[in-house]
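**Q** here you go, sequence then predicted model.
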Amino acid sequence: GNSVTQMEGPVTLSEEAFLTINCTYTATGYPSLFWYVQYPGEGLQLLLKATKADDKGSNKGFEATYRKETTSFHLEKGSVQVSDSAVYFCALSDMDSSYKLIFGSGTRLLVRP
Amino acid sequence: DVKVTQSSRYLVKRTGEKVFLECVQDMDHENMFWYRQDPGLGLRLIYFSYDVKMKEKGDIPEGYSVSREKKERFSLILESASTNQTSMYLCASSRGGTYRLEIREIQYFGAGTRLSVL
């Protein structure tokens, strides 16, 4: 079945450091891929998405490229801020049901000043 | 902005109680979802609904039921709460089948209800 695997956290970085959060997926067909972010005390919100191979999603300085050959969708940011501290979830759309998203386990990011 | 509102941020209930979690969305979305969020397990889908009075089981429906009598409201019901249902519960909504897939795929989440069953 379809699944998403994320690197375990927490990831602790100093402000202005480079961020990578790894995400790999298993899926039939060509699902859309997503990164959602959950700030403390809030629900999830869409950070970025990519709908086909080699697409790059970007938002708020974050980027992720849909890599079909490595079945990956790693999240990157060149210079993190304290305000980026949150839990990040990688997800894919279930091709058998366009209603459903399949989420990874989440990666907590802590950015220290 | 889409707003998904969950009626309670925190709930404490006793084992065996019947528990209602309420969710309301204000964007006329056709689809609504209930997830539970547990550390190390991410989000797991409990139930979803694609129309009023329509529902489908998700990945972990056991011990839960749902109700959708109005388009904007989706309720999660724990018929007899148990300690293993202590969790964070998240409601979400999205556009339905008449929209392009890239629109339908985006889900909007409420802030969550943290339920403790003692």
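**A** Everything's here; your move.

**Q** run through chain B and note the low-pLDDT ranges.
**A** Scanning chain B for pLDDT under 70 picks out B:1-2, B:97-103.

**Q** just the helices from it, written as ranges.
**A** B:101-104 (DSSP state H).

**Q** wait, what's in contact with the closest residue to chain A within it?
**A** Distances between chain B and chain A by Cβ to the nearest Cβ are smallest at residue B:109, namely 3.5 Å. From N, CA and C alone the C-beta is placed, and that goes for glycine too. Going by Cβ atoms under 8 Å, 6 or more residues apart in numbering or on different chains, residue B:109 touches A:36, A:43-45, B:4, B:90-92.

**Q** kindly report the residues of chain A close to chain B.
**A** A:4, A:6, A:32, A:34, A:36, A:41-46, A:49, A:51, A:89, A:93, A:98-101, A:103-106 (Cβ under 8 Å from any Cβ of the partner chain).

**Q** now those: which count as buried?
**A** By neighbour count, with 16 or more other Cβ atoms under 10 Å in any protein chain shown, these hold A:4, A:6, A:32, A:34, A:36, A:43-44, A:46, A:49, A:51, A:89, A:93, A:98-101, A:103-106 as buried.

**Q** among those, name the ones in strands.
**A** Among these, the members found in strands (DSSP state E) are A:4, A:6, A:34, A:36, A:44, A:46, A:49, A:89, A:93, A:101, A:103.

**Q** and the residue nearest the centre of chain B, how close does it get to residue A:56?
**A** The C-alpha lying nearest the average C-alpha coordinate of chain B belongs to residue B:34 (Cα atoms, centre = their mean; 2.3 Å). Distance of residue B:34 to residue A:56, computed by Cβ to Cβ, to the nearest Å: 32 Å.

**Q** the worst-scoring helix or strand of chain A on mean pLDDT pairs with which strands, and in what direction?
**A** Least confident helix or strand, chain A: strand A:101-103 with a mean of 91, by mean pLDDT, DSSP states H and E. Sheet pairing for strand A:101-103, assigned by DSSP bridges, gives strand A:86-93 (antiparallel).

**Q** pLDDT of the partner strand, averaged?
**A** Taken as a whole, strand A:86-93 has a mean pLDDT of 94.

**Q** and stretch A:66-78, by the same measure?
**A** For stretch A:66-78, the per-residue pLDDT averages 96.

**Q** next one: stretch A:39-59
**A** 93.

**Q** residue 71 - how many residues pack around it?
**A** The chain I'm using is chain A. 15 (other Cβ atoms under 10 Å in any protein chain shown).

**Q** sorry, I should have been clearer: chain B.
**A** 15.

**Q** with residue A:81 instead?
**A** 13.

**Q** quick one: it from residue A:113, how far?
**A** For residue A:81, the distance to residue A:113 - Cβ to Cβ - is 9 Å.

**Q** mutual contacts of the two, please.
**A** Common neighbours of residue A:81 and residue A:113 (Cβ under 8 Å, 6+ apart) are residue A:15.

**Q** any idea where the helices of chain A begin and end?
**A** Under DSSP H, chain A gives no helices.

**Q** which residues of chain B lie near chain A?
**A** B:4, B:31, B:33, B:40-45, B:48, B:50, B:58, B:90, B:92, B:94, B:97, B:101-102, B:104-112.

**Q** contact partners for residue A:7?
**A** Residue A:7 neighbours (Cβ under 8 Å, 6+ apart): A:21-23, A:107.

**Q** then residue A:113?
**A** Going by Cβ under 8 Å, 6+ apart, the list of residues near residue A:113 reads A:14-15, A:82.
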